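Peer 1: the sequence and its predicted three-dimensional model are supplied below.
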Amino acid sequence: MLCIPFAHAEAGNVLLNTVSISADRMQAIKKQGISFTYKAKIWNVSAKQAQSFYKIITNNDGTYVLQLQPGAIYSYLNIHISPIVNDVGEQSRFVRNGEAVVLVHGGRKGSIVDGIKTSLALRSAFARGQTKVAVSMKQYRPAIFSAEDFAKLQFPNLLTTGTTSFAGSPKNRVHNIIVGTEKFNGVVVMPGETFSFNNYLGAVDAENGYLPELVIKENVTTPEFGGGICQVSTTAFRAAMYAGLQVTERHNHSYPVSYYGAPGFDATVYEPSPDFKFKNDMKTPILLKTSVVGTKVNFEVWGTSDGRAVKINGPFVTEKKSDGALTAAIAQIVTKAGKTIREANFVSHYQPASKFPHVTAANGEQL
């Protein structure tokens, strides 16, 4: 998900940040806590902590002015409130078919904290002796919302392709893989943006077209809607590794899964966590083009090559126990102009598969 500067200080807006107050109000303000509210959510700020939000200035005539400290206010909003209430919407997804720009998935606008309006409400609360401040929101438009937005971007180079095979999968698993793979077709990750697999995947349920299939959950292997999605996340992991992108979150499965080949190159996901994430640490946007061809999932990464070279060492099994538990490792080495810019090591610890018994379906079939 893109990191949004939800609120920022308007240094020159001094008049908006000040209000005249009486001597009695000045004394009361120093003892006054504040509660920020948004719908049913409440954030309580003690009187002592609230003192960082303002400065009281004594005029030559003995009157008082309360001056807000935007930096402290916006810092509080960004740390405590914005991560919870912000909704950055969803970018529209497009792919190019020759010269034509084809819509894959329509986006939606979101809403984020309006730091200026919330600060003005706080100023009013201090002046009037109120203790509750409603957090104001403003509309947020994703960077890619229209075909015109997408047409301005360039993705001239196929940087890499990540591929996995799901040969031998049961029909429900195949179905879920096809549904899940399509969720990522046309996703654009802007420079500096962190891609979250779960964010784009969305809800995994019958309403979104998924069927029950095996997942590893707690201490059993049991059918749930969306079983097989980890085939998609594993493919995304491999594409990010091959492209030399910075993987910021990745988790291995509880035990080795045969669909993913040699242990150590898989990525498990489950809503809301664990997640799979990578950061686009290039200076240009990248485009994901995903497909299912035969029994293979493909994640193509398109963008503008910046000259980086990638070497993958592994995966290797580094330790294996008699009960089936094992440890595996894989390394990503990224170089540019002959210099190493990143070496990332991923170590996976797997438990024995025997610790996760398969359940029996309602029809008596052993799953």
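Peer 2: Now that the structure is in, tell me what you want to look at.
Peer 1: where does the prediction get shaky in the stretch 251-367 of the chain?
Peer 2: 358-367 (pLDDT under 70).
Peer 1: so which strand or helix has T161?
Peer 2: Element membership for T161 (DSSP states H and E) is strand 157-165.
Peer 1: same question for N176.
Peer 2: Counting by DSSP H and E, N176 is part of helix 171-182.
Peer 1: now W43
Peer 2: Secondary structure (DSSP H and E) places W43 in strand 41-45.
Peer 1: buried residues in that strand?
Peer 2: Within strand 41-45, the residues that count as buried by 16 or more other C-beta atoms under 10 Å are 43, 45. Any C-beta I mention is one placed from the backbone N, CA and C, and that applies to glycine too.
Peer 1: repeat for stretch 251-261
Peer 2: Those would be 251-257, 259-260, for stretch 251-261 by 16+ other C-beta under 10 Å.
Peer 1: farthest-apart pair in these, please.
Peer 2: H251 and Y259 (16.5 Å; C-beta to C-beta).
Peer 1: care to break this protein down by domain?
Peer 2: According to automatic domain parsing, the chain is divided into the following domains: 15-88+111-138, 153-355.
Peer 1: which of the ones you listed is buried the deepest?
Peer 2: Most buried of the domains of the chain by mean neighbour count (mean count of other C-beta atoms under 10 Å) is domain 153-355; its value is a mean of 18.
Peer 1: so where's the stretch 101-250 of the chain uncertain?
Peer 2: Looking at the stretch 101-250 of the chain by pLDDT under 70, you get 214, 216-220.
Peer 1: go again with 50.
Peer 2: Across the stretch 101-250 of the chain, nothing is flagged by pLDDT under 50.
Peer 1: which residue ranges form the helices in it?
Peer 2: Per DSSP state H, counting those that start in this stretch, the stretch 101-250 of the chain carries helices over the ranges 115-128, 147-151, 171-182, 197-201, 229-243.
Peer 1: can you list those in JSON lines and add distance to A325?
Peer 2: As requested, the helices of the stretch 101-250 of the chain are exported to JSON lines (distance: least, C-beta to C-beta, whole Å):
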{"stretch": "helix 115-128", "distance to A325": "51"}
{"stretch": "helix 147-151", "distance to A325": "47"}
{"stretch": "helix 171-182", "distance to A325": "25"}
{"stretch": "helix 197-201", "distance to A325": "27"}
{"stretch": "helix 229-243", "distance to A325": "20"}
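Peer 1: so which of those gets nearest T222?
Peer 2: Closest among these, once you apply C-beta to C-beta, is helix 171-182, at 13.3 Å.
Peer 1: the closest one vs strand 157-165, what angle?
Peer 2: Orientation of helix 171-182 against strand 157-165 (axes from the mean of the first three to the mean of the last three C-alpha atoms, to 10 degrees) gives an angle of 170 degrees.
Peer 1: elements contacting helix 171-182?
Peer 2: Helix 171-182 sits against strand 212-217, helix 229-243, strand 286-293, with contacts defined as 3 or more C-beta pairs under 8 Å, 6 or more residues apart in numbering; DSSP states H and E.
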